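A.B. asks: based on what follows, work out the 3D shape:
(chains A, B, C and D, ligands or ions: 2)
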Amino acid sequence: MNQTPDYIEGIRSHFPLLKTKVHDKPLVYFDNAATTQKPQKVIDRINAYYSTENSNIHRGVHHLSQIATKDYEDARIRIKNYIGASKENEIVFTKGTTDGINLIASSLGELMTKGDEVLISAMEHHSNIVPWQLLAERKGIVLKIIPIHQDGTLDMLSFEEMLNDKTKLVSITHISNTLGTINPIETIIDRAHKVGAKVLIDGAQSIQHGQINVTKLNCDFFVFSGHKIFGPTGIGILYGKESILETMPPYQGGGDMIKRVSFEKTSFNEIPFKFEAGTPNIIGGIALGSALEFLESIDTNQAFAYEKELLKYAEEALLQIANLKIYGTSALKTSLVSFNVGNIHPFDIGTLLDKQGIAVRTGHHCTQPLMDFYGIPGTIRASFSIYNSKEEVNKFIHALKRAINVLS
Amino acid sequence: MNQTPDYIEGIRSHFPLLKTKVHDKPLVYFDNAATTQKPQKVIDRINAYYSTENSNIHRGVHHLSQIATKDYEDARIRIKNYIGASKENEIVFTKGTTDGINLIASSLGELMTKGDEVLISAMEHHSNIVPWQLLAERKGIVLKIIPIHQDGTLDMLSFEEMLNDKTKLVSITHISNTLGTINPIETIIDRAHKVGAKVLIDGAQSIQHGQINVTKLNCDFFVFSGHKIFGPTGIGILYGKESILETMPPYQGGGDMIKRVSFEKTSFNEIPFKFEAGTPNIIGGIALGSALEFLESIDTNQAFAYEKELLKYAEEALLQIANLKIYGTSALKTSLVSFNVGNIHPFDIGTLLDKQGIAVRTGHHCTQPLMDFYGIPGTIRASFSIYNSKEEVNKFIHALKRAINVLS
Amino acid sequence: MSASFKEKQDSIIEDFQVFDDWMDKYEMIIDLGKDIQGISVEKRKDEQLIDGCQSRVWLKAEINNTRMHFSADSDAIITKGIIALLINVYNGEKPETIVKENLYFINQIGLQEHLSPTRANGLLEMVKRMKIEALKYV
Amino acid sequence: MSASFKEKQDSIIEDFQVFDDWMDKYEMIIDLGKDIQGISVEKRKDEQLIDGCQSRVWLKAEINNTRMHFSADSDAIITKGIIALLINVYNGEKPETIVKENLYFINQIGLQEHLSPTRANGLLEMVKRMKIEALKYV
Ligand SMILES: Cc1ncc(COP(=O)(O)O)c(C=O)c1O
Ligand SMILES: Cc1ncc(COP(=O)(O)O)c(C=O)c1O
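C.D. replies: Residues are numbered from 1 along each chain as shown, chains lettered A, B, ... in the order given. Ligands and ions are numbered 1, 2, ... in the order given. Take a look at the predicted model:
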């Protein structure tokens, strides 16, 4: 029962880093909500790109430039298909989730005026808080916070009450990176649309834990980071509905985003290029494509199901530990668990877990308002991915008990 | 005399891509102003990072996170030393040159008011034009253009006349990516400072062709892209004087750039982190460090000198060709040459060069106003790097003659 | 697929098979460009322009007795040669054929690289424009 | 370097050599933290705070007959143990010694990882603050 299934061993074998030892102990990597490891396919793709086709893209007449352009644009198409968008011009390459949200705050924000309302929730990552605070300061928009319940679920009643015809945007995380809560975004999107508000989904966490279909969701924007879905750092995706992207002013200015530049009058390129100024992270885009190709090559349904099993398994074991409190107890949860043990500081536990080869994250997880809500300085967070196993959970629980012993 | 010196062969041997064949011909890569190739050291570093230390950085208690953080911050220090900055908090990681200029336009731009003047030149890259046009629209600042002479040098007399106490910033390219002109930035910086204006140097081209020392230059900002100095795509550097960066408001909001977030009041982190929102391009930064390490391991003086020789050699050969016109004939020029042949369209020549294995760039090189100045649709640009040889120039000239033959 | 439409494509493929060297293929493309009816500079109209980032193409479409007739020009002679290839295949065909039928010769003669999806000066854009013109008469 | 200053460092290095396992080393660090004089919650002052991203440290410095005396506390007991190491070395030294002399024991016992340069909760920040306090009395 606790033996790692072959398909998980199979997936695991693609990830070279998982063979690393830390402090002479085999690494147990439970920091997947922060960043995921990369399959060999992604690493090889980067290698091959730089060794045989590296070139600047678009506009190039020469062979390498044409190949690199094609591969980059093919990656865009693959990403479009992966998230179920209908047209590739709805896929904007960004630096990551944070960059994507800032792009929206800045560009869509230009279309907002004083008194317009933006709704976020009390469980948002700083990346989905601070851009709106900056916009509020710049433009006089009003930022409203959807409250949450003690179990880490959204207060949907309050949400519905907060919606009104001044609401221009609801920007909300699909899955909380601290609590694991899966938010009812279908309902949120539906209700928001009823009052004419647009909806931005922060998919930083959800992208790695299940299949996303932006068309079915009917969200207006969806953002995520490549590094959280087995791809490289420095690349991310902003999906936006074509009809909306087209009304939005450009974000950054520079090469590639223009149609024609003169000192008198500059006109801008079509979407998505209008939002992609400068030489893009070419290999970032291509290797993100390879990461999705990898996912398409495995049975993700099975893998995602096992992830859920892992969560249950870990939570059950954790709850056996005296004075251990789990934050985020929604019935709908993804595979991460945040907790504290009595009055022990999360940093103390994290440090001693690390010394036993277990990588978890401790601290506020870039959700300080959520920490304030619970009145704690931080939590210990173990977050799982498709290559983790119950055997690793066992090691983690064992190490945790030892740490608690030392610290009590 | 025309034999490739050993030290160039030595440098060349580090770059795996240069062994590629294109259309069954050995590749001659003369598109270095668009992007440079990567030494094996950089490729290996990326490989090793993803295979043994990949992790999210800052704030992590676990071992991998601490190693990755150290390596990323060590890269920052190496970059600081390479460009002669005095403190590492003056080194801001960006996505590239374009991102860096946009950051300044947006953040420093917030401190400007209607009627303030920004000076750029007629030879700027779109990345150093459009952000200022967008700022002009947003803030009512006045964008003024320093004219150039037919030989592609700045009209310094006009420049001096344009300076006045409303001039807040002079943003100028160190080296023109289309003409090769090396601008007298020392004088420009000196004159601008006299009227209290700050100076931003676009170092996208100069970073790969010589040693930069921002402290000696005394510029206020210096920006460049990693991919143009043998490093990866998706990473760049903004150098800014500490005292100035500290007065500037944040650019993007998100994780890492904050000190403390609450819904009531958010305070920001110290520089450079204040300007680095979200998960950075971690491996981008580290591998850019490796690129500089590579440069430090070779005799760059010799290599840069040979680059200059290449330029002379190529220009002399080109001028033998009937009806060939070189754009950019300043006495101070870096190793790139832009030209046209009679009425032949640059695209036609570029295409036929490509078919013979020669990679050059054709078109407006993201400098449309400069093309308008010369009344041409574009040029053919051959740009050299430290791994190119006279032998390759010979091949290029031979292929060019054949192309002209076919096209005449 | 109409016989002539297929034949025209096959004959281009055959013509290209003669040459091993890319330079020779391009010489042929250039010659084709010289043979088609151009549009003189004075007669070029803005609405005919397919603006690319590298070169520009002017395309004129007419219908003549249920058959399409294209003429075109470009500031780059290779671009003109490439559109000449398309024109040679499309001219004289019914609009329906142009809208519906596939151009398979492009891939076979190895011009895919001109199919760059990202910029408007590629073959794709020209084909698209020609189909749009044909659609007007369907 | 004063004899005592060096001796204290060497003795820490010796103590740590006894243990192979990191868990044991940390047990010792934690015990050291329990032994030093803390600062009770009520007495902690804002200006004593070294705010880190993971844990917080309060540091109090006094001079006593030309010799520095530090006390400290933290919300994390490992952090308190680490500052205890510093305190054990620094307490009773002259301000000049603290400002000038090098702490070599940190690298030798393998705590470099706490030297993370990017965030304020590292050893580096604590050492810096202790030197700044000492500097006031030089
Ligand atoms: C002079 C100059 N400025 C700016 C840029 C833009 O650099 P990037 O596209 O890497 O942001 C370039 C690159 O083409 C350049 O040559
Ligand atoms: C829910 C959520 N939003 C946003 C982000 C920010 O992502 P990035 O740092 O990749 O921009 C994260 C990542 O930590 C996240 O978990």
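A.B. asks: what's the residue sitting nearest the centre point of chain C sitting at in phi/psi?
C.D. replies: Closest to where the C-alpha atoms of chain C average out (C-alpha atoms, centre = their mean) is C:L86, at 2.4 Å. For C:L86, the backbone dihedrals (degrees, to the nearest 10) come out as phi -60, psi -40.
A.B. asks: ok, which stretches of the stretch 301-408 of chain A are strands?
C.D. replies: When assigned using DSSP state E, counting those that start in this stretch, the strands of the stretch 301-408 of chain A occupy the ranges A:324-327, A:336-341, A:358-359, A:361-363, A:379-383.
A.B. asks: the shortest one vs chain B: in contact?
C.D. replies: To tie it back to what came earlier, the one meant is strand A:358-359. Yes - using C-beta under 8 Å from any C-beta of the partner chain, strand A:358-359 comes into contact with chain B via A:I358, A:A359. Heads up, the C-betas are built off the backbone N, CA and C, glycines and all.
A.B. asks: direction included, what does that strand pair up with?
C.D. replies: Applying DSSP bridges, strand A:358-359 is found paired with strand A:28-29 (parallel).
A.B. asks: which residues touch the strand it pairs with?
C.D. replies: Contact partners of strand A:28-29, identified using C-beta atoms under 8 Å, 6 or more residues apart in numbering or on different chains, comprise A:L17, A:L18, A:Q37, A:G357, A:I358, A:A359, A:S385, A:N388, A:E392, A:K395, A:F396, B:L64.
A.B. asks: swap in 7 Å and give it another go.
C.D. replies: Strand A:28-29 has contacts (C-beta atoms under 7 Å, 6 or more residues apart in numbering or on different chains) with A:L18, A:Q37, A:G357, A:I358, A:A359, A:E392, A:K395, A:F396.
A.B. asks: ok, A:P280 touching A:F93?
C.D. replies: Yes - A:P280 is within contact range of A:F93, at 5.5 Å (criterion: C-beta atoms under 7 Å).
A.B. asks: name every strand pairing with the helix or strand bottoming out on mean pLDDT in chain A and say which way it goes.
C.D. replies: Lowest on mean pLDDT, DSSP states H and E among the helices and strands of chain A sits strand A:258-260, with a mean of 90. Note on strand A:258-260: by DSSP bridges, its sheet partners are strand A:267-268 (antiparallel).
A.B. asks: and the residue nearest to the centre of chain C, what pLDDT?
C.D. replies: We have a pLDDT of 92 for C:L86.
A.B. asks: and it, what does it touch?
C.D. replies: Counted by C-beta under 7 Å, 6+ apart, C:L86 has contacts C:M126, C:V127, C:M130.
A.B. asks: now do 10 Å
C.D. replies: For C:L86, the contacting residues are C:36, C:59, C:70, C:72, C:98, C:103, C:105-106, C:123, C:126-127, C:129-130, by C-beta atoms under 10 Å, 6 or more residues apart in numbering or on different chains.
A.B. asks: please apply the same query to A:L324.
C.D. replies: With contact set as C-beta under 10 Å, 6+ apart, A:L324 has these partners: A:A317, A:L318, A:F339, A:N340, A:V341, A:G342, A:I344, A:I380, A:L400, A:I404.
A.B. asks: what's the closest non-adjacent residue to it?
C.D. replies: Spatial nearest neighbour of A:L324, chain neighbours left out: A:V341 (5.0 Å); criterion: C-beta to C-beta, 6 or more residues apart in numbering or on different chains.
A.B. asks: same deal with A:E309?
C.D. replies: In space, A:E309 is closest to A:K390, 7.9 Å off (C-beta to C-beta, 6+ apart).
A.B. asks: what's the first helix or strand after the helix or strand harbouring A:V199?
C.D. replies: A:V199 belongs to strand A:198-202 when elements are defined using DSSP states H and E. Next helix or strand after strand A:198-202 toward the C-terminus (DSSP H and E): helix A:214-217.
A.B. asks: just how off-centre is whichever helix or strand comes after that next one within its chain?
C.D. replies: Counting by DSSP H and E, the next helix or strand C-terminal to helix A:214-217 is strand A:221-225. Between the centre of strand A:221-225 and the centre of its chain there are 7 Å (C-alpha atoms, centre = their mean, to the nearest Å).
A.B. asks: average pLDDT for strand A:221-225?
C.D. replies: Mean pLDDT, computed over strand A:221-225, is 98.
A.B. asks: and if you look at stretch A:121-137?
C.D. replies: Per-residue scores along stretch A:121-137 average to 98.
A.B. asks: is that stretch in proximity to ligand 2?
C.D. replies: Yes - against ligand 2, stretch A:121-137 shows contacts by C-beta under 6 Å from any ligand atom at A:H125, A:S127, A:N128.
A.B. asks: show me where chain C dips below the pLDDT cut-off.
C.D. replies: Residues of chain C that meet the criterion pLDDT under 70 lie in C:1-3, C:52-53, C:112-121.
A.B. asks: let me see the ranges of the helices in chain C.
C.D. replies: In chain C, the helices defined using DSSP state H lie at C:3-17, C:22-35, C:77-90, C:95-100, C:105-108, C:123-135.
A.B. asks: next, the angle helix C:3-17 makes with the second one.
C.D. replies: With axes from the mean of the first three to the mean of the last three C-alpha atoms, to 10 degrees as the basis, helix C:22-35 and helix C:3-17 are set at 140 degrees to each other.
A.B. asks: give the buried residues for helix C:22-35.
C.D. replies: C:W22, C:M23, C:K25, C:Y26, C:E27, C:M28, C:I29, C:I30, C:L32, C:G33 (16 or more other C-beta atoms under 10 Å in any protein chain shown).
A.B. asks: could you say what helices and strands it packs with?
C.D. replies: Helices and strands in packing contact with helix C:22-35 are listed as helix B:346-355, helix B:390-407, helix C:3-17, strand C:67-74, helix C:77-90; criterion 3 or more C-beta pairs under 10 Å, 6 or more residues apart in numbering or on different chains; DSSP states H and E.
A.B. asks: what angle do that helix and helix C:77-90 make?
C.D. replies: Going by the same axes, to 10 degrees, helix C:22-35 is angled at 70 degrees with respect to helix C:77-90.
A.B. asks: so what's the gap between helix C:22-35 and the chain middle?
C.D. replies: 13 Å.
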